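K.L.:
here are the coordinates; sequence isn't available:
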């Protein structure tokens with residue numbers, strides 16, 4: 001077994017600062033570098049260390065030699081350091097990861113390889129290993145170029161040849177962190193683009209709604225004049241032929257139809273207008289007012305309308321009136337039974353869930369997803385009057401408050417319209 005104890009260099013009593021001292025130091029450095037090279041390349045079987053307790057022999061080859069070869073060849077960094085925090089051993093990969101020669105790393109304080117702000121993370125992992133458990137976590141070393149090296153650490157504390165040491169394995173996380181950062185930047189860019197697009201769409205929708213509101217409002221005056229002139233034409237020509245009289249009636253009928261469409265379009269475009277007042281609205285009062293408005297129809301159809309005690313919510317009274325008026329109006333309209341039954345109920349589940357139930361003609365399953373579209377009609381005008389915009393208004397009102405609306409129905413089975421509103425009052 002080769003003895004790697006340091007021998008005298010033959011330069012005793014050399015004056016400090018002399019050329020001979022420089023030569024002696026260079027010789028010592030060369031000797032140490034050769035010893036480290038021999039240890040790494042497996043040429044040394046053991047080290048004999050002389051200390052206060054006498055001589056100790058540390059075996060470097062034998063049964064552990066395959067493991068040393070494995071550690072030198074692995075793709076992870078491997079470091080062994082003593083309880084004082086000085087590196088006793090590190091593999092080539094650790095040096096490559098830091099961009100430092102392994103010869104210079106041995107004997108270096110492990111703390112010197114961390115920034116002050118980063119060392120506590122490493123210390124916490126080390127503390128866990130000193131308690132007898134495997135210490136694991138992430139930290140960042142300082143590379144020779146000054147950049148950070150993010151790694152995942154695994155530290156075990158054990159004794160080798162009665163010497164307490166910590167063995168640490170490092171996995172380079174640079175590629176993963178770069179990918180995460182790239183993904184984060186992409187996500188931020190996407191959020192910015194979505195935000196900009198949403199702003200553009202909101203502005204565009206607001207402009208379109210304003211246009212629809214103004215255009216619909218302005219269209220009513222020409223229609224009124226058309227109706228007036230046609231009526232004057234009929235009044236001044238008493239001897240109109242039956243065919244001419246029928247034409248005048250058709251014009252007036254279609255003018256009335258157009259006026260109704262414009263009024264409904266005004267109501268639809270006005271749902272999202274910012275000038276509606278928000279207040280605490282008692283829905284019992286809203287429904288009571290609507291039932292008074294529908295009193296003639298209710299009596300004519302011998303309808304029965306029941307309701308539970310409804311909550312108060314923070315909303316626009318105008319919106320709530322639109323919502324319940326259209327749902328109750330449809331329930332009365334689409335009934336062909338002698339005594340229609342209409343019921344309003346509510347449950348508190350993550351907000352309020354309302355249901356307007358009737359025993360009317362019902363709706364085919366295939367049409368349930370279409371009935372909330374603007375001007376969507378399932379029946380001819382002569383069967384059931386209306387423009388087909390009522391449920392579209394209901395949907396827009398509910399969406400305005402972050403809720404949802406849906407229907408359950410079947411032919412001859414009546415309809416159940418559900419909608420949710422936040423419990424904000």
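P.N.:
Right, received. Where do you want to start? Nothing here was measured: the structure is a model prediction, and the numbers come from that model. Numbers count the residues shown, from 1 in each chain.

K.L.:
going along the chain, name the strands of the stretch 201-350 of the chain.
P.N.:
Remark: strands assigned in the stretch 201-350 of the chain by DSSP state E, counting those that start in this stretch are 279-282, 304-307, 312-315, 341-348.

K.L.:
ok, and for the second one, which residues are buried?
P.N.:
Within strand 304-307, the residues that qualify as buried by neighbour count (16 or more other Cβ atoms under 10 Å) are 305, 307. Where C-beta positions appear, they are placed from N, C-alpha and C, glycine not excepted.

K.L.:
direction included, what does it pair up with?
P.N.:
Strand 304-307 sits in its sheet next to strand 341-348 (parallel), going by DSSP bridges.

K.L.:
again, but for the third one
P.N.:
Sheet neighbours of strand 312-315, with direction, are listed as strand 279-282 (antiparallel) (DSSP bridges).

K.L.:
averaged pLDDT, the strand it pairs with. What do you get?
P.N.:
The pLDDT scores in strand 279-282 average 92.

K.L.:
for the protein, longest helix please?
P.N.:
Scanning the chain for the longest helix, with DSSP state H as the assignment, gives helix 174-236.

K.L.:
which strands and helices lie in contact with that helix?
P.N.:
The contact analysis (3 or more Cβ pairs under 8 Å, 6 or more residues apart in numbering; DSSP states H and E) places helix 174-236 against strand 148-160, helix 242-269.

K.L.:
can you show me the strands along the stretch 1-150 of the chain?
P.N.:
For the stretch 1-150 of the chain, the strands defined by DSSP E, counting those that start in this stretch occupy 46-51, 54-59, 77-82, 87-90, 135-142, 148-160.

K.L.:
next, the angle from the last one to strand 77-82.
P.N.:
What it means is strand 148-160. Interaxial angle, strand 148-160 versus strand 77-82 (axes from the mean of the first three to the mean of the last three Cα atoms, to 10 degrees): 50 degrees.

K.L.:
tell me the strands beside strand 148-160, with direction?
P.N.:
Here, using DSSP bridges, strand 148-160 pairs with strand 135-142 (antiparallel), strand 163-172 (antiparallel).

K.L.:
now the shortest one
P.N.:
In the sheet, strand 87-90 lines up against strand 77-82 (antiparallel) (DSSP bridges).

K.L.:
and the nearest residue to residue 290 once chain neighbours are set aside, how many neighbours?
P.N.:
Take residue 290 and drop its neighbours on the chain: the residue closest to it by Cβ to Cβ, 6 or more residues apart in numbering is residue 325, 5.0 Å away. Using other Cβ atoms under 10 Å, residue 325 has 20 other residues around it.

K.L.:
wait, residue 325 touches residue 292, no?
P.N.:
No: counting by Cβ atoms under 8 Å, residue 325 does not reach residue 292; the two are 11.5 Å apart.

K.L.:
where in the stretch 101-250 of the chain is pLDDT low?
P.N.:
The model of the stretch 101-250 of the chain has pLDDT under 70 over residues 204-221, 238.

K.L.:
how many neighbours does residue 88 have?
P.N.:
Counted with other Cβ under 10 Å, residue 88 comes out at 15.

K.L.:
quick check: it touching residue 105?
P.N.:
No: with contact defined as Cβ under 8 Å, residue 88 does not count as touching residue 105 (10.4 Å).

K.L.:
coming back round to it: need the strands of the stretch 201-350 of the chain in JSON lines with distance to residue 407, can you?
P.N.:
Putting the strands of the stretch 201-350 of the chain into JSON lines (distance: least, Cβ to Cβ, whole Å) gives the following:
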{"stretch": "strand 279-282", "distance to residue 407": "24"}
{"stretch": "strand 304-307", "distance to residue 407": "19"}
{"stretch": "strand 312-315", "distance to residue 407": "21"}
{"stretch": "strand 341-348", "distance to residue 407": "15"}
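
K.L.:
which of those is buried the deepest?
P.N.:
Highest mean neighbour count of the strands of the stretch 201-350 of the chain: strand 312-315, a mean of 18 (counted as mean count of other Cβ atoms under 10 Å).

K.L.:
how far out from the middle of the chain is it?
P.N.:
Relative to its chain's centre, strand 312-315 lies at 29 Å (Cα atoms, centre = their mean, to the nearest Å).

K.L.:
swap in stretch 133-145?
P.N.:
Distance of stretch 133-145 from its chain centroid, counting by Cα atoms, centre = their mean, is 30 Å.

K.L.:
now it: buried residues?
P.N.:
Quick answer for stretch 133-145 (16+ other Cβ under 10 Å): 135, 139-142.

K.L.:
also stretch 394-409?
P.N.:
Buried positions in stretch 394-409, judged by neighbour count with 16+ other Cβ under 10 Å: 394-398, 401, 403, 405, 407-409.

K.L.:
what do you get for stretch 103-117?
P.N.:
Residues 105-106, 110, 113-114 are the ones in stretch 103-117 that count as buried (16+ other Cβ under 10 Å).

K.L.:
would you turn those into TSV with distance to residue 309?
P.N.:
Shown next, in TSV, are the buried residues of stretch 103-117 (distance: Cβ to Cβ, whole Å):
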residue	distance to residue 309
105	78
106	82
110	72
113	71
114	66
